[in-house]
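> predicted structure and sequence below. I'll ask about it afterward.
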Amino acid sequence: MHTTVKSEGPQRAYELVFETGEEIIGGLRAFAIAERLAPSEFNAIGGVHQADLGFYNLTDGTFNPVPFHRDQCEVLSLIGDITPEADKPGGYNVHGHVVLGSPDGQANGGHLLHAITRPILFVTIEELEHAKPAHH
């Protein structure tokens with residue numbers, strides 16, 4: 001992953017470029033740990049393959065799996081937040097909603113649980129002045 005600092009003010013901003021083969025959620029968590037991010041928002045576009053999406057189950061508070069195991073798909077939209085949480089693995093929760101497009105023009109969406117970059121993913125991260133309320 002390549003990183004560019006866009007702003008070093010009170011709320012830092014970054015541009016990240018994920019290369020082919022890099023896992024997105026784990027990469028964002030590792031970046032948050034390394035930079036000791038404050039609560040942040042992110043958005044991204046690019047491409048992935050072997051994505052695992054989830055749809056939130058109100059009954060049991062888990063995610064119903066929505067596999068999207070294509071050889072290649074476009075990240076039409078990926079938005080979310082990164083929040084410091086002491087009880088989470090690595091101390092951060094990465095929560096993203098994604099819309100993925102397949103070669104036939106169809107789109108699927110949900111929570112991004114796992115995906116591998118292919119060929120590239122451009123991510124913008126901006127720290128927030130105030131933390132957001134908790135969500136699923």
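Yep, it's here. As the structure is a computational prediction, the values presented were derived from the model and not from experiment.
> just the element for the nearest residue to Tyr92 once chain neighbours are set aside, please.
Excluding the flanking residues, the one nearest Tyr92 by CB to CB, 6 or more residues apart in numbering is Ala32, at 4.3 Å. Where you see a C-beta, it was placed from the backbone N, CA and C, and this is true even at glycine. Assessed by DSSP states H and E, Ala32 sits inside helix 24-35.
> buried residues in that helix, which are they?
For helix 24-35, the buried set under the neighbour-count rule, 16 or more other CB atoms under 10 Å, comprises 24-25, 27-29, 31-32, 35.
> which among these gets closest to Gly110?
Gly110 lies nearest to Ile25 out of the buried residues of helix 24-35, by CB to CB, at 13.3 Å.
> so which elements touch whichever helix or strand comes after the helix holding Ala32?
Counting by DSSP H and E, the next helix or strand C-terminal to helix 24-35 is strand 40-56. Counting by 3 or more CB pairs under 8 Å, 6 or more residues apart in numbering; DSSP states H and E, the packing neighbours recorded for strand 40-56 are helix 24-35, strand 63-68, strand 73-84, strand 92-101, strand 107-127.
> same for the longest one, what does it pack against?
It stands for strand 107-127. Packed against strand 107-127 by the contact rule (3+ CB pairs under 8 Å, 6+ apart) you find strand 13-19, helix 24-35, strand 40-56, strand 63-68, strand 73-84, strand 92-101.
> same question for that strand, mean pLDDT?
In this model, strand 107-127 has a mean pLDDT of 96.
> also the first one?
Averaging pLDDT along helix 24-35 gives 95.
> how far is it from where the chain is centred?
Distance, stretch centre to chain centre, for helix 24-35: 10 Å (CA atoms, centre = their mean, to the nearest Å).
> that helix - contacts with which helices or strands?
Against helix 24-35 (3+ CB pairs under 8 Å, 6+ apart) you get strand 13-19, strand 40-56, strand 73-84, strand 92-101, strand 107-127.
> same list (the helices and strands packed on strand 107-127) but as JSON lines, adding distance to Val5.
Listed next are the helices and strands packed on strand 107-127 as JSON lines, based on distance: least, CB to CB, whole Å:
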{"stretch": "strand 13-19", "distance to Val5": "6"}
{"stretch": "helix 24-35", "distance to Val5": "9"}
{"stretch": "strand 40-56", "distance to Val5": "13"}
{"stretch": "strand 63-68", "distance to Val5": "32"}
{"stretch": "strand 73-84", "distance to Val5": "16"}
{"stretch": "strand 92-101", "distance to Val5": "19"}
